[in-house]
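Could you look at this predicted model? Sequence included:
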Amino acid sequence: MNSIQVLEEQLSNMIAAGEVVERPASVVKELVENAVDAGSRSIEVHVEEAGLKLIKVVDDGRGMSADDCKLCFERHATSKIRRARDLFQIATLGFRGEALPSIAAVSRIELTSCQAPGQAATKLVLEGGACQHIETTARPKGTEIKVHDLFFNTPARLKYIKSIPTELGHISDYLNRLALSFPEISFLLVSNGRTLLRTYGDGQLIHAISAIYGMAIAKEMKLIQAEDLDFKLHGYVGNPQVTRANRSYISLLINGRYIRHSGLIQAILRGYHTLLPIHRYPIVVLSITMEPSLVDVNVHPAKLEARFSKEQELIAFVEEQVKRVLREQRLIPEPTRQVVKSDSVQTSFSIAETRTPWNDQISRGQPGDAGADALDRNKPTVEQSQPYTDQGLIETAGPSPAEIETSKEEEWSSNSDEEQMMETEQQQEQNKVPLLDPLAQLHGTYILAQSEEGMYMIDQHAAQERIWYEYFMEKLKQEKIETQELLVPISIDLSFKEMQQVEEKMELFQQVGIDLEPFGQQTFLIRSHPIWFTLGEEEAIIHEMVDMIVRGEAKIDTVKIREEAAITMSCKAAIKANRHLSQLEMEALLNQLRTTSSPYTCPHGRPIIVHFSTYEIEKMFKRVM
């Protein structure tokens, strides 16, 4: 007996299903793509238990004849291609002829299809890939396919299925991408009777973006349109001030097909160079049209990867167009929305209660300089009524070393005098920045100073950023959660995947002092939040927490978020480049820098101070050999 045998068709289909049918979202993808290829103008997807119990796709496309209904479940039976050269001119989403037999092999299927109004429809019933029943019935033009009990005959596959919300999130993500690819098609997603997505198929991409991401995001999107000899680009790029913690909000659509391509994503990010905060990503929807011969999507059965014959030209084209649109747009931040606070809840600190460095300059509202007074804009500060003088600036400069020590009073009160002396000595031992004598300012950005050891250049923004950062961290590290109720709730729009995760893990937000309340389909209201939230940054902080939940983290890391809040506040509060400083201001800044625990780098890791030793300087001038 030969050791090599040809596998039975049903077994080979089940093996193929391992590549094509990874999860319920894979089934939805294949069925909906068939509906798109059939010329549908309306596509409905109904699922139960995230598709494990039922997936129903209904379209109004061309439909199939009785013979085609039987043939479509045969392996490599397709209406999309006829000959080998067609593989290099693919203009449809599907073409392999593998999906339907693979899906049928691991489920129970009912297919009903009609080609024209008034004609008889065909109904086909299969189980595990085997035809059980065929009959003539009635239905409107189009196709309806029901997939019951996915993986019923391969229970081992069910072990690798994630939770219902996770699987439903994958389905929603895919339909979101397809709705962005085909704004002229109306899409409807219903889960257990609840509508999760509805687009109206009016052909307006911005309307599809609004239906998926919310009106607030849609208002921040900028139109991008361009064309050259090979490529046509259409889509929207997000305002750099509206960011997310991962790249999942970047959608690349090639000839209507959603793909993943690291080179194009990097091109988009280079287009945003210097405009995005570190570790933040934009919201982008780019639809690129080209001749089918220029792109190869026959890379993997999932058809999520693509290769381009003019890849470098395409990457350069995308990068340049993103840069162009962002250059043309007005990217100056709008004034922060005012939030009315409850008088019954007071913040743990405010600018009126603590003196802060260069507060006069900040309170005068220089462009792009929000300042630390963003913590409480509704309260007038003492410094606003003082004359603008160098001496006044120094007298009101803070947090001074004494104030920093005072802010640690509660923490240090349990220590003995001896322990405090030892800590002070250790801190002085670690702090190797000597007493510096400021000489001048270079380009309004760098302080030139000297000591017996040589010359120093200090980045004034980075230096004060470090001072502010340690000051804010001291204030924010309190373990007790004090919340602040809002008289006017803040609304926040989430994607469906985010909404699912938030609803499932609402208690995680409650644990950190956030009261979220569902309000509409994908909108939540923030009723209260911790007092350390930065004014105007509430939505960004909530989105950061949501990203943690979506990534599957077991809890919300408030320590990390508080640190990021401190970094944000310190960056906004610190003096900027091209700000002239007097001699007294430079001395005050350097003295405060010496009191910090890490005077060499700013919170972002950039160097604050550069030292040129006397020997190095003399060597440059050939005074020593």
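Nice, I can see it. Numbering: from 1, shown residues only.

Would you map out the domains in the protein?
9-198, 220-328, 359-476+580-619, 483-572 (automatic domain parsing).

just how off-centre is the second one within its chain?
Domain 220-328 sits 15 Å away from the centroid of its parent chain (Cα atoms, centre = their mean, to the nearest Å).

for the record, mean pLDDT for it?
Mean pLDDT, computed over domain 220-328, is 88.

quick one: terminal-to-terminal distance for that domain?
14 Å (Cα to Cα, to the nearest Å).

ok, the closest residue to Met455 other than its chain neighbours to Thr596 distance?
Take Met455 and drop its neighbours on the chain: the residue closest to it by Cβ to Cβ, 6 or more residues apart in numbering is Phe612, 4.6 Å away. In short, each C-beta sits where N, CA and C put it, glycine included. Here the criterion is Cβ to Cβ, to the nearest Å. By it, Phe612 lies 22 Å from Thr596.

Who has more neighbours out of those two?
Using other Cβ atoms under 10 Å as the criterion, Phe612 and Thr596 rank with Thr596 on top: 21 against 14.

Could you dump the domains of the chain into TSV and include distance to Ile209?
Shown next, in TSV, are the domains of the chain (distance: least, Cβ to Cβ, whole Å):
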stretch	distance to Ile209
domain 9-198	7
domain 220-328	6
domain 359-476+580-619	27
domain 483-572	11
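
what's the closest of these to Gly214?
Gly214 lies closest to domain 483-572 among the domains of the chain, at 2.8 Å (Cβ to Cβ).

what's the span of that closest one, first residue to last?
Using Cα to Cα, the end-to-end distance of domain 483-572 comes to 24 Å.

how far out from the middle of the chain is the helix or strand harbouring Leu178?
Leu178 is part of helix 164-181 when elements are defined by DSSP states H and E. Its chain's C-alpha centre and that of helix 164-181 lie 16 Å apart, by Cα atoms, centre = their mean.

So which bits of that helix are buried?
Neighbour counts using 16 or more other Cβ atoms under 10 Å place 164, 166-181 of helix 164-181 among the buried residues.

for stretch 191-198, same thing?
Quick answer for stretch 191-198 (16+ other Cβ under 10 Å): 191, 196-197.

now, which of those residues sits nearest Ala267?
Leu197 (28.9 Å).

In this structure, which strand is the longest?
The residue-count maximum for a strand in the chain (DSSP state E) belongs to strand 483-493.

What is that one packed up against?
Secondary-structure packing of strand 483-493 (3 or more Cβ pairs under 8 Å, 6 or more residues apart in numbering; DSSP states H and E): helix 215-218, strand 515-518, strand 523-530, helix 538-550.

out of these, nearest to Gly61?
So among the helices and strands packed on strand 483-493, helix 215-218 is nearest, using Cβ to Cβ, at 28.7 Å.

What are the buried residues along the helix or strand just after the closest one?
Remark: after helix 215-218, the chain's next helix or strand is strand 221-227, criterion DSSP H and E. For strand 221-227, burial by neighbour count (16+ other Cβ under 10 Å) applies to 221-222, 224, 226.

Alpha carbons of whichever helix or strand comes after strand 221-227, as PDB, please.
Following strand 221-227 in sequence order, the next helix or strand is strand 231-238 (DSSP H and E). Taking Å, rounded to 0.1, in the frame of the first residue of the first chain, the C-alpha atoms of strand 231-238 are listed here in PDB:
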ATOM      1  CA  PHE A 231      -1.500  56.700  -8.500                       C
ATOM      2  CA  LYS A 232      -4.600  58.500  -7.400                       C
ATOM      3  CA  LEU A 233      -4.900  59.400  -3.800                       C
ATOM      4  CA  HIS A 234      -8.100  60.300  -1.900                       C
ATOM      5  CA  GLY A 235      -8.800  60.300   1.800                       C
ATOM      6  CA  TYR A 236      -8.500  62.200   5.000                       C
ATOM      7  CA  VAL A 237      -5.700  62.900   7.500                       C
ATOM      8  CA  GLY A 238      -6.300  63.700  11.100                       C
END
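
Can you spell out which helices and strands pack onto the host helix or strand of Leu253?
Element membership for Leu253, per DSSP H and E: strand 250-254. Using 3+ Cβ pairs under 8 Å, 6+ apart as the contact test, the elements touching strand 250-254 are helix 164-181, strand 257-259, helix 262-271, strand 284-290.

Out of these, flag the one nearest Ala316.
So among the helices and strands packed on strand 250-254, helix 262-271 is nearest, using Cβ to Cβ, at 7.5 Å.

The following helix or strand past that closest one pairs with which strands?
Following helix 262-271 in sequence order, the next helix or strand is strand 281-282 (DSSP H and E). Its sheet considered, strand 281-282 pairs with strand 243-244 (antiparallel) by DSSP bridges.
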